Each structure stands twice: as structure tokens, then as C-alpha cells.
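Colleague: Make a model of this:
(one chain, ligands or ions: 1)
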Amino acid sequence: MSQQPAPSRYRPLQVSLHWLTFLLIAAEFVVGKNMSRISNDDVGKIAPLAIHMMIGVLILLAVIIRIAALRKFPPPEPISTGNAALDVLAKLTHGALYLFTLLMALSGIILSLQAGVGKALLGGGALPADFLDFTARALHGFIAPSLFALIVLHVVGALYHQLVLKDGLMERMKVGK
Ligand code: HEM
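Modeller: Numbers count the residues shown, from 1 in each chain. Predicted structure coming up:
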């Protein structure tokens with residue numbers, strides 16, 4: 001455990017990684033949803049699939065660095081909403097966001113390995129007839145709406161602090177000084 005005192009805001013590295021992960025996950029959802037509508041025997045699926053996999057791996061790396069940074073640099077003290085249940089919900093949501101993002105990326109990687117996607121992308125084979133034949137695909141598709149719901153909850157919580165409680169919570173995650 002670190003002995004450093006809690007700072008008043010997140011460090012620039014943590015702020016950058018927070019907004020980078022937010023943008024990458026938003027892009028990942030858009031690409032993922034659109035490409036899953038393309039048939040696996042359509043060559044037009046290869047490019048979005050490669051982009052989706054690259055963004056997914058970047059998300060995984062960003063989350064791992066974020067978790068490591070949190071262990072090294074203590075986050076600011078939580079700002080209470082004044083309601084114990086909401087404070088617990090916020091804490092659970094933050095933990096679940098890390099967990100579900102990791103699970104999403106890992107299930108995607110396992111699916112790609114199971115389905116031999118790497119070989120197909122390099123021109124050494126075809127994509128499987130349907131990704132849904134793989135258990136990891138069911139998991140990936142099941143976690144996706146849960147992660148999406150958590151992100152919505154997280155945004156609603158931040159807006160509640162900012163617009164209703166007006167406690168300046170967003171200042172701690174602001175880019176720049
Ligand atoms: C946080 C990271 C990720 C998010 C948010 C995400 C999101 C999604 C979404 C929304 C879908 C469509 C699900 C559906 O319509 O049921 C999808 C499908 C898929 N994802 Fe990901 N994904 C992530 C990471 C990854 C990674 C790291 C890989 C592989 C390296 C990957 C490979 C795939 C594959 C192969 C599909 C199936 C496409 C199909 O069924 O046609 N994903 N992903």
C-alpha cells in the first residue's frame with residue numbers, strides 16, 4: 001500500500017488514460033455492433049474485424065496501465081453524494097467497470113484464438129462460418145450490454161454530481177490544469 005496522501009485530483013496520466021479508454025470503448029462498440037451484422041463469408045468483414053481487434057487490445061493495455069497507476073498513485077478521496085447507498089453504488093460501479101472491460105477484452109481475445117481469426121486476417125485461412133458457434137462469442141455478446149449499462153450509470157452519476165450537487169467532481173478528471 002502507498003503511504004502518499006490522497007491528492008485533490010487525478011494525475012495527468014490517469015486523466016489521459018481515462019478519456020482515452022472512454023473514446024476507445026465508444027469506438028469499439030460502434031465497430032463491434034456494425035461488424036457483427038456482416039456475414040463471415042463477406043471479405044468486407046476483414047477490415048472492421050482487424051480494427052476491432054486492435055482497438056480491443058489497446059483497451060486491454062490501457063486498463064492494465066490504469067490499474068497499475070491506481071496502485072502506485074492514490075486516487076483523490078471519494079466525494080460523498082450525502083446518500084450512503086449511492087456512495088456504495090458508485091464504488092461498486094467503478095470496480096465493475098474495470099472488471100467488465102477486462103472480461104470484454106479477454107473474451108474477445110479468447111474468441112479470436114478459438115476461431116483462428118489471426119490466420120484468416122493474415123490470409124492463411126477463412127473465418128469460421130459463424131462466431132456464435134463459440135462459447136466465448138456468447139460471453140462477449142452477453143457482457144457487452146452489461147458494460148454499456150455500467151458506462152451509462154457512470155455517466156449519470158458524474159452528471160448528478162456536476163449538475164445537481166454542483167460539487168465540482170468533474171474538475172478532478174479535467175484535462176489540463
Ligand atoms: C472492451 C473491449 C471490447 C468491446 C467493448 C467490444 C465490443 C464488441 C461488440 C459490441 C460486439 C458485437 C456484440 C453483439 O452484437 O452481440 C463485439 C463482437 C466481437 N468482438 Fe469485441 N469488443 C471488445 C474487445 C474485443 C477484442 C480484444 C477482440 C479480439 C482481439 C474482439 C473480437 C470480437 C469478435 C471476433 C466479435 C464477433 C463479431 C461477429 O460476431 O461477427 N473484441 N465486440
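Colleague: from here on, contacts and neighbour counts on C-alpha atoms
Modeller: Will do.
Colleague: Would you mind listing what in the chain touches the ligand?
Modeller: Residues of the chain lying near the ligand by CA under 6 Å from any ligand atom: 25, 28-29, 32-33, 35-36, 53, 56-57, 59, 101, 104-105, 108-109, 111-112, 131, 141, 144.
Colleague: among these, which ones are buried?
Modeller: 25, 28-29, 32, 35, 53, 56, 59, 101, 104-105, 108-109, 111-112, 131, 141, 144 (16 or more other CA atoms under 10 Å).
Colleague: The residues you listed in helices, which ones?
Modeller: Of these, the ones assigned to helices by DSSP state H are 25, 28-29, 32, 35, 53, 56, 59, 101, 104-105, 108-109, 111-112, 141, 144.
Colleague: relative to its centroid, which residue of this structure is most remote?
Modeller: Here the chain reaches farthest from its C-alpha mean at G124, the gap being 30.6 Å by CA atoms, centre = their mean.
Colleague: count of residues packed around K166?
Modeller: Look at K166: counted by other CA atoms under 10 Å, it has 11 neighbours.
Colleague: on that earlier part again, assign a three-state SS to the residue farthest from the centre of the chain, would you?
Modeller: On the three-state scheme (DSSP: H, G, I helix; E, B strand; the rest coil), G124 is labelled coil.
Colleague: Right, I'll leave it there.
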